[in-house]
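S.K.: only geometry, no sequence info:
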């Protein structure tokens, strides 16, 4: 029997409308009890401070005073690169980086090489994640075989093997007919179809937001409409089919308005936004900084403001990282040739606290709702709650700690972050998955 | 060579956007004494003797490459030309490795032409040598912009208040961007004219007038800078046909009848005669297209001189053979 008691923390669990200073007891991988004085009752023999040396089954206590105890963060959108690009990230390094960022579970996109488009490939991801034993990794299966946008992949078998959603992320589902069929077919299995909204002919060749800055830099722009046209297409197809469309990494004000339109009509649409789209604008591209190159691109201040509002009012349901590690060499080149994407696990909490909580746009309970409860609910995942009996996936973080981003210290193999050198607020103290402490901050 | 920081233009010339009005003025003024060198029988001064310059042309160029090479040779620099084919770049070497290798050979300056916007900046951020942008993607072509300014100034005596319209494919033109920055900084009025599909969507935020009809632009302008229409634009669907482009936007003799009497016609070359410009205009009395080419050498000599740490006030002496660059 293994027991951990988290003592004296501010326990915030939006799934139970809970926000109070109390203790949480974890027994055998489950949330066992909550209430004041649990440590005294259960652990008379241990010291009240961190006692990492557990002997003869006596409970471990973790002093959480001054810290927040929340249901573990869940990232519904990341790229772990295995199989195919193990030089850039593996499931083990990705899951460790996720744990370091406070994520107890992440959903891995299928744009691996080969594509995760069948039950064997899904099973491989599941096994590698179990072997790593860090954050949980839930595979997302491809919508189409090879992500080629032609033939539906075998959703049924992939879901039976452990897939929790389907997506051709990295590529849009260009064919409206295929998307319609995917929404209908996914409905059978009650999983969301997550779409990377990008009208391919309009976005073709684009490398940043289309606007004044792209014009000045002489870089081909991607207009907002490339995202919005696909967002409304998907929303309309969800209306037609009743399927669950989940819109990935929304980046524009127009998309927010379209999602709001869909939700007002009770269409089954949910949406995510990434921390970088809530904090940075296309000005970050500056003098061709490839660490500010991602797809969808960083947009304007007006878009950022609309996305922040949408996180607050619930038009956007979840914050997801789109963690996308790349090799140093690949980013160290001409802007137009560099790959899209940045790493996100280990900065997500701090970016969200620095740009959303500190300015008062949202409070901590709402941040936890967007980073933990909502992702669990929408993707039907374990976690996202501290209810008694639920899996003990818990994140403990210091919402006030300031730290300087140093990519050299990241657990991910990727070093591609636009936040390098910035001082951010909010730091993960410990990450507990299935009752086991998988990450502890260096003291 | 003096320390880079002491140079009046800074270390590099990457674009006209980062230049101040004074710096542009300085380059134009410094170009004046250098014009004369190219008119001599012995077209050579020892100003940059001992300096090594690499011309890295990753994209094909005849005029700009030769112009830079003459400018360098007339200043007595040692130059090496590297093209894409036959170089290690063709074997898959990255730009950053190319840069480091050049640096290791202790060169003084790099002139770079590259198809990617930002390539010159990329290089400049990574090497100590001076970097001159000879055209990067659709970003800037600063020496072209400067030679255009010099040519206009030669004719109008000032750039303040003159009306210049850039005609053609502004969307894909680095020459247009450098011209817009330079002309606006020097107090000229700038307009653009072309099919909307070849103008940047954000052009209205750029502080220039937009003419949809070339006839109106011609009536308005003191000078037209007619851009080359890249033939592949038609294949990519930006315009329906070259024929229609000429019919609607071509600068023709007939359309010039409505122009001011002393209108000036510029073109950065190479021209598509019969597409964006008719031959009788290109070869006609208003054309200063060959003056631009002549001025190109002088402007590039001035830029090389100033970046090498040459004192502006010594340019006259450098011309006379005093070697003002080797301070």
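M.R.: Structure's in. What do you need? Everything numeric here is computed off the predicted structure, so don't read it as measured data. Numbering: from 1, shown residues only, chains lettered A, B, ... in the order given.
S.K.: quick one: buried residues of stretch A:17-29?
M.R.: By 16 or more other CB atoms under 10 Å in any protein chain shown, the buried positions in stretch A:17-29 come out as A:18, A:19, A:22, A:23, A:24, A:25, A:26, A:27, A:29. For glycine as for every other residue, the C-beta is placed from the backbone atoms N, C-alpha and C.
S.K.: for those residues, which one is nearest chain B?
M.R.: Of all the buried residues of stretch A:17-29, residue A:19 has the smallest distance to chain B: 45.5 Å, by CB to the nearest CB.
S.K.: double-check that residue A:428 belongs to a strand.
M.R.: Yes. Checked against DSSP: H, G, I helix; E, B strand; the rest coil, residue A:428 lies within a strand.
S.K.: show me what it is bridged to.
M.R.: Beta-bridge partners recorded for residue A:428 (DSSP bridges): residue A:397.
S.K.: in strands, which of the buried residues of stretch A:17-29 appear?
M.R.: Judged by DSSP state E, the buried residues of stretch A:17-29 include A:18, A:19, A:22, A:23, A:24, A:25, A:26, A:27 as members of strands.
S.K.: in space, what's closest to the first one - neighbours in sequence excluded?
M.R.: In other words, residue A:18. Distances taken as CB to CB, 6 or more residues apart in numbering or on different chains place residue A:11 nearest to residue A:18, at 6.2 Å, with adjacent residues excluded.
S.K.: and the one you found, that's in a helix?
M.R.: No. Counting by three-state DSSP, residue A:11 falls outside a helix, being strand.
S.K.: report the central residue of the chain.
M.R.: All of this refers to chain A. By CA atoms, centre = their mean, chain A has its centre lying nearest to residue A:75, at 2.5 Å.
S.K.: that's the other chain; I wanted chain B
M.R.: Central residue of chain B (CA atoms, centre = their mean): residue B:144, at 1.1 Å.
S.K.: for the closest residue to residue B:64 other than its chain neighbours, which three-state class applies?
M.R.: Distances taken as CB to CB, 6+ apart place residue B:134 nearest to residue B:64, at 5.3 Å, with adjacent residues excluded. Secondary structure assignment for residue B:134 (three-state DSSP): strand.
S.K.: neighbours around residue B:134, how many?
M.R.: 26 (other CB atoms under 10 Å in any protein chain shown).
S.K.: can you read off the pLDDT for it?
M.R.: We have a pLDDT of 98 for residue B:134.
S.K.: repeat for residue B:310
M.R.: pLDDT recorded at residue B:310 is 76.
S.K.: helix or strand for it, which one?
M.R.: Per DSSP states H and E: residue B:310 is located in neither a helix nor a strand.
S.K.: now residue A:7
M.R.: strand A:3-13.
S.K.: what does residue B:183 give?
M.R.: For residue B:183, the host element (DSSP H and E) is helix B:174-185.
S.K.: does any bit of that helix sit next to chain A?
M.R.: Yes. Counting by CB under 8 Å from any CB of the partner chain, chain A is contacted by helix B:174-185 at B:174, B:177.
S.K.: what pairs with the helix or strand that that helix is followed by, parallel or antiparallel?
M.R.: Moving toward the C-terminus from helix B:174-185, the next helix or strand (DSSP H and E) is strand B:189-193. Its sheet considered, strand B:189-193 pairs with strand B:163-167 (parallel), strand B:209-211 (parallel) by DSSP bridges.
S.K.: now these as CSV including mean neighbour count and mean pLDDT?
M.R.: Formatted as CSV, the strands paired with strand B:189-193 follow (neighbours: other CB atoms under 10 Å in any protein chain shown; pLDDT from 0 to 100):
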stretch, mean neighbour count, mean pLDDT
strand B:163-167, 26, 98
strand B:209-211, 17, 97
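S.K.: save those as a markdown table, and put in distance to residue B:278 too.
M.R.: Putting these into a markdown table (distance: least, CB to CB, whole Å) gives the following:
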| stretch | distance to residue B:278 |
| --- | --- |
| strand B:163-167 | 13 |
| strand B:209-211 | 19 |
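S.K.: all strands for the stretch 201-327 of chain B, in order.
M.R.: B:209-211, B:223-226, B:264-266 (DSSP state E, counting those that start in this stretch).
S.K.: mean neighbour count, the ones you listed: which tops it?
M.R.: Neighbour counts (mean count of other CB atoms under 10 Å in any protein chain shown) averaged over each of those peak at strand B:223-226, with a mean of 27.
S.K.: paired strands for it, with orientation please.
M.R.: With DSSP bridges as the test, strand B:223-226 pairs up with strand B:163-167 (parallel), strand B:264-266 (parallel).
S.K.: quick check: residue B:167 touching residue B:248?
M.R.: No. Here residue B:167 does not reach residue B:248: they are 11.3 Å apart, not a contact under CB atoms under 8 Å.
S.K.: what is in contact with those two at once?
M.R.: residue B:214 (CB atoms under 8 Å, 6 or more residues apart in numbering or on different chains).
S.K.: related to what we said a few turns ago, helices or strands up against the helix holding residue B:183?
M.R.: helix B:21-37, helix B:142-156, strand B:163-167, strand B:189-193, strand B:223-226 (3 or more CB pairs under 8 Å, 6 or more residues apart in numbering or on different chains; DSSP states H and E).
S.K.: how far off centre is that helix?
M.R.: Centre-to-centre, helix B:174-185 and its host chain are 10 Å apart (CA atoms, centre = their mean, to the nearest Å).
S.K.: strand B:189-193 and that helix, what's the angle between them?
M.R.: 150 degrees (axes from the mean of the first three to the mean of the last three CA atoms, to 10 degrees).
S.K.: pLDDT (mean, whole number) over helix B:174-185?
M.R.: Averaging pLDDT along helix B:174-185 yields 97.
S.K.: tell me the angle of it relative to helix B:142-156?
M.R.: 50 degrees.
S.K.: quick check: angle from helix B:174-185 to helix B:21-37?
M.R.: 110 degrees.
S.K.: need the contact partners of helix B:174-185.
M.R.: A:216, A:218, B:15-17, B:19-21, B:24, B:117, B:135-142, B:144-146, B:148-149, B:159, B:164, B:166, B:168-170, B:190, B:192, B:206-208, B:225, B:227, B:268.
S.K.: wait, isn't the residue nearest to residue B:64 in contact with residue B:60?
M.R.: No. Shown here, residue B:134 and residue B:60 do not form a contact pair, counting by CB under 8 Å, at 12.0 Å.
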